[in-house]
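Peer 1: show me how the following folds:
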Amino acid sequence: SNDDIGEKLIVDPRIYKVKLERASGIDWGTDLSFRWVYVRALDPNGPAAIEGSIKKGDQLLAIDDETCVGAGFDFVISLLASVEGSEVEFTLFKGSTDEIRSLIGQDLPGQNQKISITVLQEGKETLELTCKPGSNLRNVLVENGINVYQSFTRWTNCKGKQLCGTCIVDVVDSEEDSCTIRSIDESSTLRDNPDTYRLSCVTNVYKDVKVKIFPPIGKANEQLKLKK
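Peer 2: Prediction:
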């Protein structure tokens, strides 16, 4: 709970607070899951750099009295936007994401831990693949001989650079935080499809997932729903 997290953080000397103007000059970054927000860069002429306490790599823990340890990037940005007044108080941690996760008892999965990807392909047997947490979905599928590209794009695809937008899969069954969240660009590419559809080249998996290959896309998906 947030109370438990707060108790663990209060006594750590690496925790500090800074009050700055809302336009703080901080460029925020995240880990690959678009969570665990940290200071990616500082505007050298901005309030944060001039104040001097905040350094590149420091982890964001709270905005005013609202805890955001491990929170998603979108949540943090909306929290900043909702701040009233001209100033905001940041609580930060001088250390890495791994260190803050260890401090609050949310260690990253071990090197030897494996997760499962269940692959559903029409007309074929269900496959069970295993990989390390954080693995790229497209890479795991392709390395196991599974084609994620529809029609001719199998030979003309962008090799995982998010340029062709054709490596679409349907993550039909997964827990919260099983995959990286959709970016704005990915959501735009998949705007005519269900929320469970993903571009496999920019999707990393962190927990067990079930994935359908070659789902009906765009208008084909709408026609399928009408038939039902």
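
Peer 1: C-alpha from now on. contacts and neighbour counts both.
Peer 2: Will do.

Peer 1: the closest residue to residue 214 other than its chain neighbours: neighbour count?
Peer 2: Nearest residue to residue 214 in three dimensions, chain neighbours excluded: residue 169, at 6.3 Å (CA to CA, 6 or more residues apart in numbering). Residue 169 has 23 neighbouring residues, counting by other CA atoms under 10 Å.

Peer 1: who's in contact with residue 169?
Peer 2: Each residue near residue 169 by CA atoms under 8 Å, 6 or more residues apart in numbering is listed here: 148, 197, 198, 199, 200, 211, 212, 213, 214, 215.

Peer 1: including pLDDT and distance to residue 69, could the residues you listed go into JSON lines?
Peer 2: Formatted as JSON lines, the contacts of residue 169 follow (pLDDT from 0 to 100; distance: CA to CA, whole Å):
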{"residue": "148", "pLDDT": "85", "distance to residue 69": "35"}
{"residue": "197", "pLDDT": "92", "distance to residue 69": "28"}
{"residue": "198", "pLDDT": "90", "distance to residue 69": "26"}
{"residue": "199", "pLDDT": "89", "distance to residue 69": "27"}
{"residue": "200", "pLDDT": "89", "distance to residue 69": "27"}
{"residue": "211", "pLDDT": "95", "distance to residue 69": "30"}
{"residue": "212", "pLDDT": "94", "distance to residue 69": "33"}
{"residue": "213", "pLDDT": "93", "distance to residue 69": "35"}
{"residue": "214", "pLDDT": "89", "distance to residue 69": "37"}
{"residue": "215", "pLDDT": "89", "distance to residue 69": "36"}
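
Peer 1: out of those, which are inside strands?
Peer 2: Using DSSP state E, the subset of those located in strands is 197, 198, 199, 211, 212, 213.

Peer 1: let me know the closest of those to residue 75.
Peer 2: Within the ones in strands among the contacts of residue 169, the smallest distance to residue 75 is 20.8 Å, found for residue 198 (CA to CA).

Peer 1: was I right about that closest one contacting residue 165?
Peer 2: No: Residue 198 is beyond contact range of residue 165, at 9.7 Å (criterion: CA atoms under 8 Å).

Peer 1: the two - which one has more neighbours?
Peer 2: Higher neighbour count among residue 198 and residue 165: residue 198, with 27 against 19, using other CA under 10 Å.

Peer 1: what pairs with the nearest residue to residue 135 once chain neighbours are set aside across the strands?
Peer 2: Closest residue to residue 135 apart from its sequence neighbours, by CA to CA, 6+ apart: residue 204 at 5.3 Å. Judged by DSSP bridges, the bridge partners of residue 204 are residue 136.

Peer 1: number of nearby residues for residue 204?
Peer 2: Residue 204, neighbours per other CA under 10 Å, totals 21.

Peer 1: then residue 70?
Peer 2: When counting by other CA under 10 Å, one arrives at 22 neighbours for residue 70.

Peer 1: ok, now how distant is the closest residue to residue 54 other than its chain neighbours from residue 207?
Peer 2: Closest residue to residue 54 apart from its sequence neighbours, by CA to CA, 6+ apart: residue 48 at 6.4 Å. Distance from residue 48 to residue 207, counting by CA to CA, to the nearest Å: 36 Å.

Peer 1: so how far is the helix or strand that contains the residue nearest to residue 214 from its chain's centroid?
Peer 2: Element membership of residue 169, judged by DSSP states H and E, is strand 168-174. Between the centre of strand 168-174 and the centre of its chain there are 16 Å (CA atoms, centre = their mean, to the nearest Å).
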